[in-house]
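[1] Fold the following, please.
(chains A, B, C and D)
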There are 2 protein chains.
Amino acid sequence: MKIGELAKRSGLTAYTIRYYERIGLLPYADRDRSSQRDYDASILTWIEFLGRLKATGMPIREMLRYAALREQGAATEAERRALLEKHRDRVYANLTELQANLLVLDNKIAGYAAAEQRIENGHSHRKAR
Amino acid sequence: MKIGELAKRSGLTAYTIRYYERIGLLPYADRDRSSQRDYDASILTWIEFLGRLKATGMPIREMLRYAALREQGAATEAERRALLEKHRDRVYANLTELQANLLVLDNKIAGYAAAEQRIENGHSHRKAR
DNA sequence: CCTTGACTTAGAGTGTACTCGAAGCCCTAG
DNA sequence: CTAGGGCTTCGAGTACACTCTAAGTCAAGG
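    Take a look at the predicted model:
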C-alpha cells in the first residue's frame, strides 16, 4: 500500500505520515524500486493505537518514548506497561475533571434557560399556575 | 487587587492576564493613578469560568465570542446559551470517546500484565494448579 | 534621598504539532 | 511518446496559546 492509500485508510494526511516517520513515531517504511513507501496493512493497527494515545492527550514526546521501547522488542514490555499505566492515571484524572466541568456547564445553561423562561412569562403577562 | 495578587489567586501568570486583556478575553482593567491595573475580586469568577471552558477544550476564538456577547449585556443571553450548549455537546462526545479510549488502554495494560505473569511462571518452572 | 520590587508597554520568542511549497522522479493511460 | 498524477526530499511556513525581554515608571521602606 502506498502513502496515499494509507492516508485514506488511517485518516492521517500523507504529510502527517511522512512527518511521523521523520520523527520516529512510525518505523522507517520500506520503499519500492522507485523509492516510494510501501506499507503493510499491519501499520494501521499501530497508527490506530497512536491515535488513541493522541486522543487521550499524550504528547508526541511520550509517544516517541513508547515507540522507541517497542522497537527494542519484548524486553521493554514492563517499561511500556508502566508508561501506559502512568498515562492512564492521568487520563482518568482528566476525565473526572471533565465530568465536573460538564456539570458546571450544564448548570450555567440551565441558568440561561430559567432566565429565558422568566422573560417569556414577563412578556406574555402570564402567571405561573 | 493588583495584577500580581490576581495572578496568585487565579492561578494564571501576570503575563497571561495581560495577554487575555489584550485579546479581549478579560475586560480592560481600571488603572490606578500610576497606571497599574486594579482588579475587583469579581473578576475571579469570570477567570474561573474561562478556565472551565479552556479545560473542556474550547479554543480561545470561541471564548472571545462568548466574552464579546457578555460585554453586550443581557440581550445576548440566548446566543450565549446556544454557544454553551453547542460546546457542551462537543465536550460530552469527547468525554464518551475518552472513556472508550480509556477502556482500550486498560485492556492493553492488562495484556502486558498477563504477559509478565506468563514470564514469571516460566522462569520459576511452576505449573498452574 | 535612594534602592527595591512590582508594575507598565510594545513587540519578539517559544513549544507543539503539523502543513505546505518547490523541484524533481517515475509509472500508467491515451 | 507524452501528459497526468502520485510520489520523493528538504526546508520553510502556519496556528495556537502563551511567555518573556527591554526599557522605563512609580510607590514604599530604610
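[2] near DNA strand C, which residues of chain A?
    Contacts of chain A with DNA strand C, taken as Cβ under 7 Å from any atom of the strand, map to A:13, A:15, A:16, A:18, A:19, A:33, A:34, A:35, A:54, A:59, A:60, A:61. In this view, the C-beta of every residue, glycine as well, is placed from N, C-alpha and C.
[3] Before we move on, what's the pLDDT of residue A:120?
    Here, the pLDDT recorded for residue A:120 equals 81.
[4] and it, how many neighbours?
    10 (other Cβ atoms under 10 Å in any protein chain shown).
[5] Centroid-nearest residue for chain A?
    With distances taken as Cα atoms, centre = their mean, residue A:55 lies nearest the centre of chain A, 1.2 Å away.
[6] Look up how far DNA strand C lies from the closest residue to that one other than its chain neighbours.
    The shortest distance from residue A:55 to any non-neighbouring residue, by Cβ to Cβ, 6 or more residues apart in numbering or on different chains, is to residue B:101 (5.4 Å). Distance, residue B:101 to DNA strand C, by Cβ to the nearest atom of the strand, to the nearest Å: 15 Å.
[7] List the residues that contact residue B:101.
    A:52, A:55, A:56, A:91 (Cβ atoms under 8 Å, 6 or more residues apart in numbering or on different chains).
[8] Tell me the one of the residues of chain A next to DNA strand C nearest DNA strand D?
    Each of these was checked against DNA strand D using Cβ to the nearest atom of the strand; the closest is residue A:35, at 4.6 Å.
[9] Regarding that closest one, what is its secondary structure?
    Assigned with DSSP: H, G, I helix; E, B strand; the rest coil, residue A:35 falls in the coil class.
[10] What is the distance between the lowest-mean-pLDDT helix or strand in chain A and the centre of its chain?
    The helix or strand of chain A with the poorest confidence is helix A:77-124; it has a mean of 92 (mean pLDDT, DSSP states H and E). The chain centroid and the centroid of helix A:77-124 are separated by 18 Å under Cα atoms, centre = their mean, to the nearest Å.
[11] Residue of chain A closest to DNA strand D, please.
    Closest residue of chain A to DNA strand D, Cβ to the nearest atom of the strand: residue A:4 (2.4 Å).
[12] can you list contacts of stretch A:35-48?
    The contact list for stretch A:35-48, computed with Cβ under 8 Å, 6+ apart, reads A:1-3, A:5-6, A:9-10, A:12, A:21, A:26-27, A:29-32.
[13] mind running it again at 7 Å?
    Residues outside stretch A:35-48 that contact it (Cβ atoms under 7 Å, 6 or more residues apart in numbering or on different chains): A:1, A:2, A:3, A:6, A:9, A:10, A:12, A:29, A:30, A:31, A:32.
[14] ok, and the most crowded of the residues you listed?
    With neighbours taken as other Cβ under 10 Å, the top of those is residue A:6, carrying 22 neighbours.
[15] what two of the residues of chain A next to DNA strand C have the greatest distance between them?
    Farthest apart among the residues of chain A next to DNA strand C by Cβ to Cβ are A:33 and A:59. That separation is 37.4 Å.
[16] of these two, who's got more company?
    Between residue A:33 and residue A:59, counted using other Cβ under 10 Å, the more crowded position is residue A:59 (10 against 6).
[17] Among the contacts of residue B:101, name the buried ones.
    The neighbour count (16 or more other Cβ atoms under 10 Å in any protein chain shown) marks A:52, A:56, A:91 as buried among the contacts of residue B:101.
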